[in-house]
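**Q** Okay, here's the prediction I keep looking at, along with the sequence it came from:
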Amino acid sequence: MYAISLGDDGAELRPLEPWHAEEFLAHLDRGREFINQYVPFGSQVTDLDAAREALKRYAGMRAADTACHHGIWQDGKLVGGVLALNVDAAAGTCEVGCWLEPAATGRGLITRAMRHLIDWAVEERGIHRVEWVAASGNVPSLNVARRLGMTCDGVRREAHLHHGVRHDLQVWSLLAPEWRAARARTAHNDH
């Protein structure tokens, strides 16, 4: 279909489709414990049928124009992904999220992929407010929000029950004018 290069290191952003179910399951199996520290993403995906159903559910949300789901491939191997969910083009809002297996951390893959996703949300879908919600203890996720230029709007105290523990959730956001100004500064500095 298509692949967006994330740089010179062999990383690509591609649609994550139901026919990727086997690769998706293998990826989640490699990263399940790490990913599931703060995010229940994929915790229900423990066999091929569940992997296929999860990807079909995301394809259905994309068809309903309420989500956008992409995988990150490094040297041809699925290692993580980014997604926009709760996309409400009429209200101009969406939430973005991500996941990554441990072997792929520390390379800037999520930040680079998220820049493309936010560009799509703001420029293609007309989204005005992009939100990022992460557990307060999920420092790598919060660091990505900072690198993207987001602002911490506040904390939803003990809002997320995960593994029997109540976690505070930090809500970060980025407004379309802020994103465009940051992109313009980056483009100006590149010249």
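**A** Nice, thanks for sending it over.

**Q** For stretch 55-71, give the mean pLDDT please.
**A** Mean pLDDT, computed over stretch 55-71, is 93.

**Q** Look at residue 1 and report its pLDDT.
**A** 65.

**Q** With residue 171 instead?
**A** 97.

**Q** Which of the helices or strands spans it?
**A** strand 165-175 (DSSP states H and E).

**Q** Also residue 50?
**A** Counting by DSSP H and E, residue 50 is part of helix 48-63.

**Q** helix or strand right after that helix?
**A** Taking DSSP H and E, what comes next after helix 48-63 is strand 67-74.

**Q** Direction included, what does that following strand pair against?
**A** strand 11-15 (antiparallel), strand 77-88 (antiparallel) (DSSP bridges).

**Q** Mind listing residues that contact it?
**A** Where contact means C-beta atoms under 8 Å, 6 or more residues apart in numbering, the residues beyond strand 67-74 that reach it are 3, 6, 9-16, 20, 24, 55, 58-59, 61-62, 78-87, 100, 104, 107, 109-110, 113, 117, 120-121. The C-beta positions use only the backbone N, C-alpha and C, and glycine is treated the same way.

**Q** Next: stretch 138-147.
**A** 37-39, 98, 105, 110-111, 114, 132, 134-136, 152, 170, 172.

**Q** Let's see that with 7 Å instead.
**A** The contact list for stretch 138-147, computed with C-beta atoms under 7 Å, 6 or more residues apart in numbering, reads 38, 105, 110, 111, 114, 132, 134, 170, 172.

**Q** ditto for stretch 160-169
**A** Applying C-beta under 7 Å, 6+ apart, the external contacts of stretch 160-169 come out as 38, 40, 133, 134, 135, 136, 137, 155, 156, 157, 158, 159.

**Q** Only the buried residues of that stretch, if you could.
**A** Counting neighbours by 16 or more other C-beta atoms under 10 Å, one finds that the buried residues in stretch 160-169 are 160, 167, 169.

**Q** how much distance is there from it to the middle of the chain?
**A** 20 Å (C-alpha atoms, centre = their mean, to the nearest Å).

**Q** Dump it to PDB, restricted to CA.
**A** C-alpha atoms of stretch 160-169 as PDB (Å, rounded to 0.1, in the frame of the first residue of the first chain):
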ATOM      1  CA  HIS A 160      -6.800   4.500  35.500                       C
ATOM      2  CA  LEU A 161      -7.100   1.100  37.200                       C
ATOM      3  CA  HIS A 162      -4.500  -1.200  35.700                       C
ATOM      4  CA  HIS A 163      -3.200  -4.400  37.300                       C
ATOM      5  CA  GLY A 164      -5.100  -3.600  40.500                       C
ATOM      6  CA  VAL A 165      -3.300  -0.300  40.900                       C
ATOM      7  CA  ARG A 166      -4.900   3.100  40.400                       C
ATOM      8  CA  HIS A 167      -2.700   5.400  38.300                       C
ATOM      9  CA  ASP A 168      -2.800   9.100  37.900                       C
ATOM     10  CA  LEU A 169      -3.200  10.100  34.200                       C
END
